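Chemist: let me see the structure of the following:
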Amino acid sequence: MNITRDIQTPREFKQNASKLIKQVQETKQPVILTVNGKPAAVVQDVDSFQRLTGDREYWETVRALKRSLESVRNGEQLVPAEDVFNRITKKYGVSFE
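Modeler: The predicted structure follows:
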């Protein structure tokens with residue numbers, strides 16, 4: 001990260017938005033917007049954002065699976081898959097048929 005290049009005020013960002021967006025796309029480095037000298041927002045390229053979100057979803061799934069395995073090791077019963085699918089269908093209106 002280049003502090004003078006990658007940290008901007010909203011005013012500086014507004015004045016140079018096109019240039020800074022192009023910079024973010026080329027360098028893959030986010031631009032941090034500050035308010036009163038403190039970080040307030042991050043401008044990031046789409047590919048990096050999607051990678052970050054995908055990573056988060058992956059690790060949330062891993063944590064859920066670890067909790068389930070630990071429950072089984074502790075003798076707890078898992079919820080049958082059919083019940084899970086029924087709950088999802090009821091809550092979100094999604095069908096798995």
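
Chemist: quick one: contacts for the residue nearest the centre of the chain?
Modeler: When Cα atoms, centre = their mean is applied to the chain, the residue found nearest the centroid is Thr53 (3.2 Å). Under the criterion of Cβ atoms under 8 Å, 6 or more residues apart in numbering, Thr53 has no neighbours. Every C-beta, even on glycine, is put in place using the N, C-alpha and C of the backbone.

Chemist: try Ile32
Modeler: Ile32 neighbours (Cβ under 8 Å, 6+ apart): Asp6, Ile7, Gln8, Pro39, Ala41, Val42, Val43.

Chemist: how confident is the prediction for Glu97, by pLDDT?
Modeler: pLDDT, Glu97: 70.

Chemist: tell me which element Ala41 falls in.
Modeler: strand 38-43 (DSSP states H and E).

Chemist: would you mind getting the angle between the helix or strand following that strand and strand 38-43?
Modeler: The helix or strand immediately downstream of strand 38-43 is helix 46-73, counting by DSSP H and E. For helix 46-73 against strand 38-43, the angle by axes from the mean of the first three to the mean of the last three Cα atoms, to 10 degrees is 100 degrees.
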